[in-house]
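Student: Fold the stuff below for me.
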Amino acid sequence: MSVPPMYHAQSRELQDLFDTRRLADRLVEKLVRARFTEEDRAFIEKQSMFFLASADAEGYPDCSYKGGAPGFVRMLDATTLAFPSYDGNGMFKSLGNLRSNPRVGLLFLNFEKPQRLRVNGTASVNTEDPLLSLVPGAQAIVRVQAHHIFPNCPRYIHRMQFVERSPYVPAEGVTPPVPAWKTFPEFKDVLPCGDPAGSRDT
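Tutor: Coordinates of the predicted model:
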């Protein structure tokens with residue numbers, strides 16, 4: 001799949017309207033890259049969450065939150081990262097989109113020391129990826145080939161403090177609690193075979 005240009009005609013129209021074309025081009029020249037730096041790697045591998053933007057084959061968008069323990073997003077090489085897909089609500093909106101339209105956008109944020117990094121690229125989903133054996137609780141592995149990597153001005157990031165990690169994040173040797181919604185009568189009878197919540201009484 002060819003790498004799209006950073007800007008399209010409609011972006012250029014707005015840049016010209018607000019006289020930011022020169023600035024936009026300078027930002028690409030100075031900040032946008034196709035390979036991760038060591039600073040990018042260190043930042044990403046410290047994060048315990050990111051936002052994933054995807055779209056289906058018709059272009060209808062979806063945005064989802066992905067969370068895990070720090071390091072759940074792995075840098076595989078200078079242009080590739082990978083992250084696990086854990087048990088969710090079974091809708092597979094994001095992963096389904098990736099199988100029909102591999103173009104993705106990832107947004108990594110640090111709320112305690114405002115910083116953000118955007119990664120746009122193409123993704124693949126594999127339920128038999130060799131990394132599965134290294135990631136407790138993973139149902140699939142998503143690999144992202146980066147095309148555009150760039151930081152953004154953090155001025156509008158609200159400063160917030162980390163309180164505690166979700167107890168549902170998979171970890172070696174730990175059985176996570178059953179989500180309450182899976183025990184509700186309207187969902188319990190349609191859980192997948194073998195789901196831990198299916199054997200629990202409400």
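
Student: ok now stretch 38-51, how far from the chain's centre?
Tutor: Relative to its chain's centre, stretch 38-51 lies at 11 Å (Cα atoms, centre = their mean, to the nearest Å).

Student: Average pLDDT for it, rounded please.
Tutor: Average pLDDT, stretch 38-51: 97.

Student: cool, and stretch 147-164?
Tutor: The pLDDT scores in stretch 147-164 average 95.

Student: can you give me the helices in this structure?
Tutor: Under the criterion DSSP state H, the chain contains helices at 9-17, 21-31, 38-46, 93-100, 185-188.

Student: quick one: which of the ones you listed is nearest R159?
Tutor: Proximity to R159 (Cβ to Cβ) singles out helix 38-46 among these, at 17.0 Å. For the C-beta atoms, the positions are set from N, CA and C on the backbone; glycine is no exception.

Student: rewinding a little: return the most buried member of the helices of the chain.
Tutor: Highest mean neighbour count among the helices of the chain (mean count of other Cβ atoms under 10 Å): helix 93-100, with a mean of 18.

Student: Make CSV from the helices of the chain and add distance to S85 to it.
Tutor: Output for these, formatted as CSV (distance: least, Cβ to Cβ, whole Å):
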stretch, distance to S85
helix 9-17, 31
helix 21-31, 30
helix 38-46, 17
helix 93-100, 6
helix 185-188, 20
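
Student: middle-most residue in this protein, spatially?
Tutor: In the chain, the residue lying closest to the centroid (Cα atoms, centre = their mean) is L52, at 3.8 Å.

Student: so what's it up against?
Tutor: The neighbours of L52, taking Cβ atoms under 8 Å, 6 or more residues apart in numbering as the test, are C63, S64, Y65, K66, S94, V104, G105, L106.

Student: List the beta-bridge partners for it.
Tutor: On the basis of DSSP bridges, L52 is bridged to S64, L106.

Student: what's the closest non-adjacent residue to T127?
Tutor: Using Cβ to Cβ, 6 or more residues apart in numbering and skipping residues adjacent in sequence, the residue nearest T127 is A140, 4.7 Å away.

Student: What is the burial count for that neighbour?
Tutor: By the criterion of other Cβ atoms under 10 Å, A140 has 19 neighbours.

Student: what does N89 give?
Tutor: The tally of other residues near N89 (other Cβ under 10 Å) stands at 10.

Student: Tell me the confidence at it?
Tutor: pLDDT, N89: 92.

Student: got the phi/psi numbers for it?
Tutor: Main-chain torsions, N89, degrees, to the nearest 10: phi -90, psi 0.

Student: how much space is there between it and L98?
Tutor: 17 Å (Cβ to Cβ, to the nearest Å).

Student: surely S100 meets D56?
Tutor: Yes. Using Cβ atoms under 8 Å, S100 is in contact with D56, at 5.5 Å.

Student: how is the chain carved up into domains?
Tutor: The record's domain parsing of the chain by automatic domain parsing lists 1-31, 34-166, 172-202.

Student: most packed of these?
Tutor: With neighbours defined as mean count of other Cβ under 10 Å, the domains of the chain peak in mean count at domain 34-166, which reaches a mean of 16.

Student: how long is that one from one end to the other?
Tutor: 33 Å (Cα to Cα, to the nearest Å).
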